[in-house]
Every structure is written in C-alpha cells, then in structure tokens.
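J.: Provided below for reference: sequence and predicted model.
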Amino acid sequence: MLCMVISPWAVASTSHSKPTASLKSGTKEHTAPSHPRRAKNPAKAQRRQHTPPVAAGAYSSNEAAMAWADALALRQGLDRHWVRQTVGQAQKIPAITQYVMPPATPAAKNWRAYRARFIEPVRIQAGLRFWQTHDATMARAEHTFGVPAEIIVGIIGVETIYGQHTGNFRVIDALATLAFDFPVQHPRATERQAYFTSELGQYLMLAQRNGWDPLRMKGSYAGAMGWPQFMPGSWAQFAVDFDGDGKIDLYNSPADVIGSVANYFKAFNWKPGMPTHYPVQFDASRLNMDALMAPDILPTFSVSSFTAKGAVLEGAALEHQGPLALIELHNGGEPPSYVAGTENFYAITRYNWSSYYAMAVIELGQEIKAARQR
Ligand SMILES: [Ca+2]
C-alpha cells in the first residue's frame, strides 16, 4: 500500500510534484506518527508509467548497501550470499531521486482539477466492468470485512485503473535507490530513507518467503506493487489470499486484490455502515474556523461540539455517533470545499495520506455505483 501521499495540487501541474511515498503533502493531513507502511502517489505513478528507467550502476560496489545486506541476512536468518547478490544487482535510478522531492514551486491545491483526473468516463467504465465481473467476490469481501464494494472499487480505480498501470520500475531498483541514495536535501530525508530501507528488507523477505525472483517484480517508482499498489510492508501485513489458491497474488488475482484492500481497511478500523462524510455549512454568527480546523483531518468533534463551533449539519449527520473532522479541499483561486469527515473518511487517508485522495476514492466509487444502477 501506499503511503505516499498524493499531492493533489501537483496533479494539475505537469511538472513534478510531491513526494509520495508517504511524504505528506501539505494538504490537510493528520500529523500523526509516520505512516508505517504505504507509500505512493497514484497520479504520479501513472504519469510515469512510460518513463524508461535509466540505471546508473549496480549496488554491488556500494559498501553501505553490502553492509546493510549482510546485517539484514544476519538479523532475518536469510542466506547472506542471496541477499548480497540480489541487492548487488539492484540499479540506482537517478530519476527516482527526483520524483520523491517536493516541487520547487508548488502548484496551488485544486480539488476540482484533482477530481477531474480521477472521476472521468474511462475510469468509471473500467470500474463498472470490474465490479460486474467480480460482483460475487465484492459481495463476499463486503460481508467478510464490512467494507463497502464502492470503496474497494474506488481504491483500485484510483490506484491503477484496475490493474492497467501497476508501474514499470523494478521494485528492487526503486527501493534500493530510495534506501541507499535518498536525496539528502529532502526535508524529511532521514525518516523517509529509513522507511524505504525497511521496505527493502520487507521486500526481500517477501520474495524469499514466496519464491519470487526479486529482480523481476515491477512496481511504482516508490516500490508499490500490484493492482492495489501495496508497499512490501503492507503486502506482508495486510494482503490476503481471497481466492483460496494458497498464494497471495496482487498482480494476477482480482479476488486477492479485492480481499486485501478490504482487509487493509478493516485493519485501519473501518466502521461498517458508517458514512464517510456529510455535507457541512457554516453559521457565520458563531463560526470558529480556527478551532474547527485545528485537529486537521483527525476526527475529534462530537456533533454538539462541531455545531457549537459554527458547523451546520442536517439530517442523518445530526444523529451521527462518533467524532467528526472538518475537511477542507482547496479549489485553486476559488473558495474551498468543505465536508464533515467521519472515522471512515480518516480510514481512507490511512491508505494514502491525503484528503484529496480520500475524496477521489469516495466519489469514484459513488459514480461507479450510480452507473451500475442505471
Ligand atoms: Ca490467492
């Protein structure tokens, strides 16, 4: 899974964008401890599908990489020769060190532009076909994990358009580059480098456990893999065998993909039956915007405390049990959009740390569900 945060405003721009791999984007993001496992930015990943990676030399001659390989083998009981050989054949991809950098001049955040990128006819039609083809599996996932089919279909659509764009970088190259050559000028270089180093270790252990050829697997520039773009640590922890063939395959088994996405949300406290968000308006006479925005996307306010600060809810929202957050989505030069996010909205941001990402997943799922009902 990802855990790179998508940078919404970057989507509208043609140049590079934000870090992903879990870099937080500057949008409304929760300031919690760093996301343990996922990383990636679907928009960037898709844009770079056709970027031919250019290698700059193998890691076999990199002493730090070889020392790390020795330590991993010792710590995890892996074959030292195999680990050294594998890491030694990883290639540094200089372009990847550019991709993870924040843009020099960030574009304005723009939910409408971001939305237009993901909520469009090709993706909706692909989602409709996917849902129709895997209807029974979706229903089984919904029943087993309590996560609605429209959220599952929204995630897989935003990530890879149902497996169409799963990434063309060798995972070993992407992770080795970010583990051993993470750009020092990045504002969170130490943390990010540690993250990718850990993911490289997870990847090698996954490969060893599953009998993969670690030099062949492909993924995003951040090492996210398969239809749901799971980082290796997420694969190890949350992926499930949902077609019952005894293996987990997020590249070729749609059932495993569906079950794994649903299981990820279950693990991140998805609340069955709870809406993701409600419409919200404001009462200017008692509005305390600073207080409402202070917790960022972390659901914090009861309905009564939310409305006391000037948020106006109606209908089912007034009966909501559990905390809410005020979610702000910028629209370039136009006024921002706001919704009241629930714990399930927050759960979607655990897949990719961005409220723009979460809203795109939700709205894509809604559009596909509506198309099914037509
Ligand atoms: Ca399977």
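T.: That came through, no problem. Residues are numbered from 1 along each chain as shown.
J.: Ramachandran angles for residue 225?
T.: phi -120, psi 150 (degrees, to the nearest 10).
J.: So which residues of the stretch 51-200 of the chain form helices?
T.: 63-76, 80-88, 94-99, 111-118, 121-133, 135-145, 149-160, 171-180, 189-210 (DSSP state H, counting those that start in this stretch).
J.: how distant is the last one from the center of its chain?
T.: The one in question is helix 189-210. 17 Å (CA atoms, centre = their mean, to the nearest Å).
J.: just checking, what packs against whichever helix or strand comes after that helix?
T.: Following helix 189-210 in sequence order, the next helix or strand is strand 218-219 (DSSP states H and E). On a contact count with 3 or more CB pairs under 8 Å, 6 or more residues apart in numbering; DSSP states H and E, strand 218-219 meets strand 169-170, helix 171-180. Backbone N, C-alpha and C define where each C-beta goes, glycine included.
J.: okay, and for the protein, where does confidence drop off?
T.: 1-56 (pLDDT under 70).
J.: Which residues of it lie near the ion?
T.: Counting by CB under 5 Å from the ion, the residues of the chain close to the ion are 241, 243, 245, 247, 253, 256.
J.: which one of those residues has the most neighbours?
T.: Most neighbours among these, by other CB atoms under 10 Å: residue 256, with 25 neighbours.
J.: what about residue 249, how many residues close to it?
T.: As a burial measure, residue 249 scores 18 neighbours (other CB under 10 Å).
J.: close enough to count as contact, it and residue 256?
T.: Yes - counting by CB atoms under 8 Å, residue 256 is a contact partner of residue 249 at 5.3 Å.
J.: JSON lines for the residues of the chain next to the ion, including secondary structure?
T.: Putting the residues of the chain next to the ion into JSON lines (DSSP: H, G, I helix; E, B strand; the rest coil) gives the following:
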{"residue": "241", "secondary structure": "coil"}
{"residue": "243", "secondary structure": "coil"}
{"residue": "245", "secondary structure": "coil"}
{"residue": "247", "secondary structure": "coil"}
{"residue": "253", "secondary structure": "coil"}
{"residue": "256", "secondary structure": "helix"}
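J.: I'd say residue 256 and residue 246 touch.
T.: No - Residue 256 is not in contact with residue 246 according to CB under 8 Å; the separation is 11.0 Å.
J.: Show me how far stretch 174-185 is from its chain's centre.
T.: Centre to centre, stretch against its chain (CA atoms, centre = their mean), the figure for stretch 174-185 is 19 Å.
J.: Output that stretch in PDB with nothing but the alpha carbons.
T.: The C-alpha trace of stretch 174-185 is given here as PDB (Å, rounded to 0.1, in the frame of the first residue of the first chain):
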ATOM      1  CA  ALA A 174      13.200   1.600  -6.800                       C
ATOM      2  CA  LEU A 175      13.700   0.500  -3.200                       C
ATOM      3  CA  ALA A 176      17.400   0.300  -3.300                       C
ATOM      4  CA  THR A 177      17.700   3.800  -4.800                       C
ATOM      5  CA  LEU A 178      15.500   5.200  -2.100                       C
ATOM      6  CA  ALA A 179      17.200   3.200   0.600                       C
ATOM      7  CA  PHE A 180      20.800   4.000  -0.300                       C
ATOM      8  CA  ASP A 181      20.600   7.200  -2.300                       C
ATOM      9  CA  PHE A 182      17.700   9.100  -0.900                       C
ATOM     10  CA  PRO A 183      18.200  12.800  -1.600                       C
ATOM     11  CA  VAL A 184      19.700  14.400   1.400                       C
ATOM     12  CA  GLN A 185      18.200  17.700   0.600                       C
END
